[in-house]
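1. predicted structure and sequence below. I'll ask about it afterward.
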Amino acid sequence: MTTPLREVDTAWLHMGGETNRMVIDAVLFLDGPLDRAALASLIESRLLRHERFVRRVREGTRPVWERDPHFHLDNHLSHVALPAPADEAALRDRISQELSTPLDPARPLWRVTMLDGHGAGTLLHARIHHCIADGVALVKVLLGLTDELAEVEPATVGVDDPHLTGLARLRALAGRATALGETLLLSSDPTDWPLKGPLGVRKRVAWSSATSLERIRDAGRAQGGTLNDVVLAAAAGSLRRYLLAKGVAPRSLRALVPVFLKTNTSEGDALGNHFGLVFVELPVDLPTKEERLAAVRGRMAAIKASQEPAMAVDVLSLMGAVPSAVEQIGVDLFTAKATVMMTNVPGPPVAVHLAGRRVESMLVWAPSGGTIGLSVSVLSYAGAVRIGVRSDGGVIPDPEALVAGFEEELRALLS
């Protein structure tokens, strides 16, 4: 039996290409070695109950999910050791190499690699195509493998997507049409600087140290904003530092930011993608951290009160309903208006365990899409926040410089 992909999931399936694969990557750091057989048992009993993890995508007039007749867990689970010295640089190289490698389109679009040699514990690197699930759903799926199961539910994020009828629905549709028109009229972000350029296959990753979630939240509240506002302001300051270090005058640029829609989905539709991408002006040109935070706060408040998130879901659904060649034109037009993808996904508020091993920390890297070669992904876990930066190796070969700038900006905002 086959099941058609939802239009929005089809959009994510076709959005990527050889130079920008639509795969979400997550890494879990465990406090000790993990037995492969124990992990395989967890995957078989808990992960594979989700049909999308045993189904591949078959292209056609409309893509469908179909059961992989040759499914075997060994095709999706591997166990390797990092070469000496297995330090953080070697780990970055290994993860970057994985991000530069496509998933096999003839099989279900996911993979888990066990990495040993970095510290005393095992690392789990999970790769899942965006057409299977968005970042929020992916975190919930990974938590389903833990010893705590559903006892540690992440915080609910997003804005409400009410099912309106009558006059209220007509007004909402008119608002979405207006928001779409304003989006189409946005100019493209500049390309004549170090943050954009022709994309290649090779990707690079970096990540930050942990910062207290409560401290970031308090800093946002103190200035009438949110944790997300502080993170976006720190990202703007980091990009400003990066450009100045390259001898380039900073200019305002846009980030594509997912805004998740709270929907009442059935169990069978719990996976998939339930968010819209909205444009947020990053005030990279403003000289002080206070000015940058105020500008971000105002823009995010306006977005949450608008029809932009719902409009963006409509756009993604429309892209998934048209031929892939037409979709690519839309993707290129859409992503040319932004320079960076920014995501913020909540993880569990307390530490969890996997097969008896404590998960010490978690990282995530979201794909960027289209012509965008940079993504910054924020993940909270057990009261701490870390970011993962993913860049095109030919455009931004040194994402660790952006991470260092982000940490400096965050310290300044928290002080």
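-> Here it is on my side, so go on. Numbers count the residues shown, from 1 in each chain.

2. nearest the middle, which residue of the protein would you pick?
-> For the chain, the residue nearest the mean C-alpha position is A366 (2.9 Å; Cα atoms, centre = their mean).

3. wait, what's in contact with it?
-> Counting by Cβ atoms under 8 Å, 6 or more residues apart in numbering, A366 touches 24, 135, 341, 343, 375, 377, 390. The way it works is simple: take the backbone N, C-alpha and C, and place the C-beta from them, glycine included.

4. need the pLDDT of it.
-> Listed pLDDT for A366 reads 92.

5. do the same with E281
-> 90.

6. do you know how far it is from R202?
-> According to Cβ to Cβ, to the nearest Å, E281 stands 30 Å off from R202.

7. then A126?
-> A126 is 21 Å from R202, by Cβ to Cβ.

8. one more: A336?
-> 22 Å.

9. now swap in H125 and tell me
-> In terms of Cβ to Cβ, H125 sits 17 Å off from R202.

10. the more surrounded of these two?
-> H125 (21 against 15; other Cβ atoms under 10 Å).

11. and T61, how many neighbours?
-> Neighbours of T61 using other Cβ under 10 Å come to 7.

12. same deal with R52?
-> As a burial measure, R52 scores 23 neighbours (other Cβ under 10 Å).

13. look up the closest residue to it, ignoring the ones flanking it.
-> I132 (4.8 Å; Cβ to Cβ, 6 or more residues apart in numbering).

14. check what pLDDT that neighbour gets.
-> pLDDT recorded at I132 is 94.

15. ok, the one 5 residues further on next?
-> On pLDDT, A137 comes in at 80.

16. what about it, distance to V345?
-> 10 Å.

17. determine which two of the contacts of A366 are furthest apart.
-> G135 and R390 (12.7 Å; Cβ to Cβ).

18. please enumerate the shared neighbours of those two.
-> Residues touching both G135 and R390 (Cβ under 8 Å, 6+ apart) are 366, 377.

19. on that earlier part again, out of the contacts of A366, the closest to E409 would be?
-> S377 (16.6 Å).

20. give me the neighbour count for that closest one.
-> When neighbours are counted by other Cβ under 10 Å, S377 registers 26.

21. which residues pair with it across the strands?
-> Beta-bridge partners recorded for S377 (DSSP bridges): T343, G388.

22. list the residues that contact it.
-> By Cβ under 8 Å, 6+ apart, the contact set of S377 is 135, 342-345, 364-366, 387-390.

23. what's the spacing between it and V280?
-> From S377 to V280 the distance is 15 Å (Cβ to Cβ).

24. what do you get for A338?
-> Per Cβ to Cβ, A338 is found 9 Å from V280.

25. what sits in contact with each of those two?
-> 254-256.

26. how about those residues in a markdown table, adding distance to H70, pLDDT and secondary structure?
-> Formatted as a markdown table, those follow (distance: Cβ to Cβ, whole Å; pLDDT from 0 to 100; DSSP: H, G, I helix; E, B strand; the rest coil):
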| residue | distance to H70 | pLDDT | secondary structure |
| --- | --- | --- | --- |
| R254 | 44 | 91 | strand |
| A255 | 41 | 92 | strand |
| L256 | 37 | 87 | strand |
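
27. with neighbour count and distance to A234 added, can I get these in JSON lines?
-> Putting the shared contacts of A338 and V280 into JSON lines (neighbours: other Cβ atoms under 10 Å; distance: Cβ to Cβ, whole Å) gives the following:
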{"residue": "R254", "neighbour count": "19", "distance to A234": "17"}
{"residue": "A255", "neighbour count": "27", "distance to A234": "12"}
{"residue": "L256", "neighbour count": "23", "distance to A234": "17"}
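
28. closest one to T211 out of those, please.
-> Distances from T211 to these, taken by Cβ to Cβ, are shortest for A255, at 19.8 Å.

29. what is the burial count for the closest residue to the closest one other than its chain neighbours?
-> Of all residues not flanking A255 in the chain, M342 sits nearest, at 4.4 Å (Cβ to Cβ, 6+ apart). Neighbour count for M342, taken as other Cβ under 10 Å: 24.

30. same thing with H72?
-> Here the number of neighbours of H72 (other Cβ under 10 Å) works out to 9.

31. likewise for A222?
-> 11.

32. how near is it to Q97?
-> A222 sits 42 Å away from Q97, going by Cβ to Cβ.

33. go on, R62?
-> Distance from R62 to Q97, by Cβ to Cβ: 34 Å.

34. can you check H353 too?
-> Taking Cβ to Cβ, one finds H353 at 29 Å from Q97.

35. spell out the residue ranges of the strands in the stretch 201-350 of the chain.
-> Taking DSSP state E, counting those that start in this stretch to define them, one finds strands in the stretch 201-350 of the chain at 203-207, 211-212, 253-262, 275-282, 340-346.
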